[in-house]
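Novice: Using only what follows, build the 3D model:
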Amino acid sequence: MSTPPIQWYPGHIAKAERSLKEQLKRVDVVLEVRDARIPLATRHPQVQEWIASKTKVLVLNRVDMISPAVRQLWTQWFLQHGEKPYFTNAQQGEGVVAISKAAAEAGVEVNKKRSDRGLLPRPVRAVVIGFPNVGKSALINRLLKKRVVESARRAGVTKQLRWVRISDQIELLDAPGIIPWKLDDQDAAFKLAICDDIGEASYDNQRVAAALVDLLNDLIVTDPDLLPQSPLKSRYELDSAPFSGEEYLQNLADQRNKGDIERTARQMLNDFRKGLFGAIPLDLPPQPQ
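Specialist: Prediction:
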């Protein structure tokens, strides 16, 4: 098969990247937002290089969609790798105060350096970056305590860069979602598609839904304690264990939608994205080899 199962068209990516890199020169703190269900798949490979020595605050959003046990595993893993993760549910405002404090603390450091050079203090400049649809705009609205940035459960709502003043201490730049030029790791690409975190992507709902079933089947075998029991069976009264993803989709379509596989795939992806299967992580911390 010549084309990868999941691809996107990088026309606007280059423009967004150029604009972001230009703005990054002016910021003090980078709030990198990832999806708590897939913290590794929503890690942009170039972010660290772009940030260089600036302060970074790692935000794992949608904490309501993973269990406390999974949250604990990720906390330990990131701390072992030298990063402190901040967990948020930006839709509900959970965890947002801690983000604001972390950004303000970075500002204290910035202004100390300014003071040492004989310069007056100024508000800390922060930027929120991450893949499309990971919850950046919802986070900004929570930080501002009012809705100034359009936020939606579809990718690609933010189109241009703009500054918003949070308080006397913090100015914030809302940036459009950034995605890598190409994603060589198709496993990660499938996870992004399942979670609807890749913006203007081109993918096949049926292949993505089948990949979700295969992924859940694997997780049920390898990490049953970290998932709800039989999530697909609980939702659809059809056990996924005996089937491959494609077979399950076909059987479910026959049972529920008169054989309409596309409709079944869309329903399944929507159900997952709304959390109707329960709290399910699709990434787990890599085990040491």
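
Novice: residue nearest the centroid of the protein?
Specialist: Centroid check for the chain by Cα atoms, centre = their mean gives Asp35 as the closest residue, at 2.6 Å.

Novice: so what's it up against?
Specialist: By Cβ atoms under 8 Å, 6 or more residues apart in numbering, Asp35 lies in contact with 41-42, 60-62, 131, 134-135, 195, 197. (Glycine included, C-beta is placed from N, CA and C.)

Novice: and which of the residues you listed is nearest to Ala102?
Specialist: Of all those, Ala102 sits closest to Leu60, with 13.2 Å by Cβ to Cβ.

Novice: ranges for the helices of the stretch 101-250 of the chain?
Specialist: 136-144, 186-195, 205-222, 231-236, 245-256 (DSSP state H, counting those that start in this stretch).

Novice: For the closest residue to Ser67 other than its chain neighbours, list the residues it contacts.
Specialist: Nearest residue to Ser67, sequence neighbours excluded (Cβ to Cβ, 6 or more residues apart in numbering): Ala279, at 4.6 Å. Going by Cβ under 8 Å, 6+ apart, Ala279 touches 64-67, 70, 228.

Novice: If you rank these by neighbours, which is first?
Specialist: Ile66 (26 neighbours; other Cβ atoms under 10 Å).

Novice: how about the strands of the protein, start to end?
Specialist: 7-8, 29-35, 55-61, 85-88, 124-129, 162-165, 170-174, 201-202 (DSSP state E).

Novice: Make a ChimeraX selection of whichever of the contacts of Asp35 turn out to be buried.
Specialist: Buried members of the contacts of Asp35, defined by 16 or more other Cβ atoms under 10 Å, are picked up in ChimeraX with:
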select :41,42,60,61,62,131,134,135,195,197
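
Novice: Nearest to Leu79 among the contacts of Asp35?
Specialist: Leu60 (12.8 Å).

Novice: List the contacts of the closest one.
Specialist: Leu60 is in contact with 34-36, 39, 74, 85-88, counting by Cβ under 8 Å, 6+ apart.

Novice: Kindly report the same for Ile51.
Specialist: Contacts for Ile51 (Cβ under 8 Å, 6+ apart) come out as 24, 30.

Novice: Please apply the same query to Ala265.
Specialist: By Cβ under 8 Å, 6+ apart, the residues touching Ala265 are 205-206, 208-210, 249.

Novice: Columns pLDDT on top of those residues, output as TSV?
Specialist: TSV is the format used below for these (pLDDT from 0 to 100):
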residue	pLDDT
Asn205	93
Gln206	95
Val208	95
Ala209	97
Ala210	97
Leu249	98
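
Novice: which of the residues you listed tops the neighbour count?
Specialist: Ala209 leads the contacts of Ala265 on contacts (other Cβ under 10 Å) with 28 neighbours.

Novice: Cross-check the contact I'm expecting between that residue and Gln250.
Specialist: No. Using Cβ atoms under 8 Å, Ala209 makes no contact with Gln250, being 11.0 Å away.

Novice: who touches both of these two?
Specialist: When contacts are counted by Cβ under 8 Å, 6+ apart, Ala209 and Gln250 have no shared neighbour.

Novice: related to what we said a few turns ago, okay if I get the contacts of Ala265 as TSV plus distance to Asp28?
Specialist: Below are the contacts of Ala265 laid out as TSV (distance: Cβ to Cβ, whole Å):
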residue	distance to Asp28
Asn205	42
Gln206	45
Val208	38
Ala209	42
Ala210	45
Leu249	48
